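[1] I'll drop the sequence and a predicted model, then ask my questions.
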Amino acid sequence: MLNPPVIRIFIADSHYLVRQGLKTIFSAQNGFEVVGESDELVNMLDLIESAQPDVVVVGLNIQGVSVVESIEELRQRLPAKKILVLDTNEDANEIIRLLSMGVHGYILKQCDHQEIIDAVNTILQGKNFFCSNVLKLNKTPVKSLSQVDTDSTVRLSAREIEILELISQGLTNNEIADKTFISAHTVASHRKNLMKKFSARNNVDLVISAIKENFIAF
């Protein structure tokens, strides 16, 4: 039997103890390998390009001109790499902005080690990941149908709101179909209609727009 491929991790954070802690966490897991690290932005992108990791774990405190610009450049130069942001910032608007740039996950530094492992595994499956502490940041409830009718130019049915929430969790059409007891084809039609209603180009655009319009909680 062939062994599963090793998950290659690159760690970028200005704090030595954070980098060491992450390396300890990943080294204790079978199938994980830390292939590089950086504490500044000056050569981070070149190091990442050389190491060819599957996932880049980056702290927003890393030393340099602009972490945001570096993340944007990383997305342009190495679009296949998954980006997991590790930070202390609890500003939901900032997290939404990073998501819109193509970041695949966001975890706070107080999240436990299992959530860090779960985050890597989840984003490698093509889904977004936010640790439990991040998901508690926005206490605003999902809009009720009556609120949707009066507060927004977008009109959604109860079923569309349900599917929108499941899309925000990163579920596929088949997974949503299993949960809602409708066909995957019907889910695909709802997804297409939601994209059109929110003028979204992809799932990330859709989720960001839905969060901003308060159709789903963040």
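    All right, it came through fine. Numbers count the residues shown, from 1 in each chain.

[2] just for this structure, where's the confidence low?
    Under the criterion pLDDT under 70, the flagged ranges of the chain are 1-2, 63-65, 90-93, 133-152, 217-218.

[3] mark out where each domain of it begins and ends.
    7-135, 145-212 (automatic domain parsing).

[4] what would those look like in a markdown table with mean neighbour count?
    All C-beta spots, glycine's among them, are computed from the backbone N, C-alpha and C. As requested, the domains of the chain are exported to a markdown table (neighbours: other C-beta atoms under 10 Å):
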| stretch | mean neighbour count |
| --- | --- |
| domain 7-135 | 17 |
| domain 145-212 | 16 |
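
[5] what helices and strands are in contact with the lengthiest helix in the chain?
    Longest helix in the chain, counting residues (DSSP state H): helix 184-197. With contacts taken as 3 or more C-beta pairs under 8 Å, 6 or more residues apart in numbering; DSSP states H and E, helix 184-197 sits against helix 158-168, helix 173-180.

[6] got a markdown table for these, with distance to residue 192 too?
    As requested, the helices and strands packed on helix 184-197 are arranged in a markdown table below (distance: least, C-beta to C-beta, whole Å):
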| stretch | distance to residue 192 |
| --- | --- |
| helix 158-168 | 11 |
| helix 173-180 | 10 |
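
[7] so which of the ones you listed is nearest residue 124?
    For the helices and strands packed on helix 184-197, proximity to residue 124 was assessed by C-beta to C-beta; helix 173-180 is nearest, at 16.7 Å.

[8] residues touching the closest one, excluding its own?
    Defining contact as C-beta atoms under 8 Å, 6 or more residues apart in numbering, one finds that helix 173-180 is touched by 159, 162, 163, 166, 167, 171, 183, 184, 186, 187, 188, 191.

[9] go again using 10 Å as the cut-off
    Contacts of helix 173-180 with the rest of the structure, by C-beta atoms under 10 Å, 6 or more residues apart in numbering, involve 159, 162-163, 165-167, 169, 171-172, 182-191.

[10] can you give the distance from that helix to the centre of its chain?
    21 Å (C-alpha atoms, centre = their mean, to the nearest Å).

[11] endpoint to endpoint, stretch 34-49 covers what distance?
    With C-alpha to C-alpha, to the nearest Å as the measure, the ends of stretch 34-49 fall 14 Å from one another.

[12] which helix or strand contains residue 23?
    Taking DSSP states H and E as the definition, one finds residue 23 inside helix 16-27.

[13] ok now that helix, how far from the chain's centre?
    Here helix 16-27 is found 21 Å from its chain centre; the criterion is C-alpha atoms, centre = their mean.

[14] and stretch 51-58, by the same measure?
    With C-alpha atoms, centre = their mean as the basis, stretch 51-58 stands 15 Å off its chain's centre.

[15] one more: stretch 157-175?
    With C-alpha atoms, centre = their mean as the basis, the mean position of stretch 157-175 lies at 16 Å from the chain mean.

[16] ok, stretch 170-182 next?
    20 Å.

[17] sketch out the strands for the protein, chain order is fine.
    In the chain, the strands defined using DSSP state E lie at 7-12, 32-38, 55-59, 82-87, 105-108, 129-130.

[18] which stretch among these comes nearest residue 120?
    Set against residue 120 and scored by C-beta to C-beta, the strands of the chain come closest in strand 55-59, at 5.3 Å.

[19] and the angle for the closest one with strand 32-38?
    50 degrees (axes from the mean of the first three to the mean of the last three C-alpha atoms, to 10 degrees).
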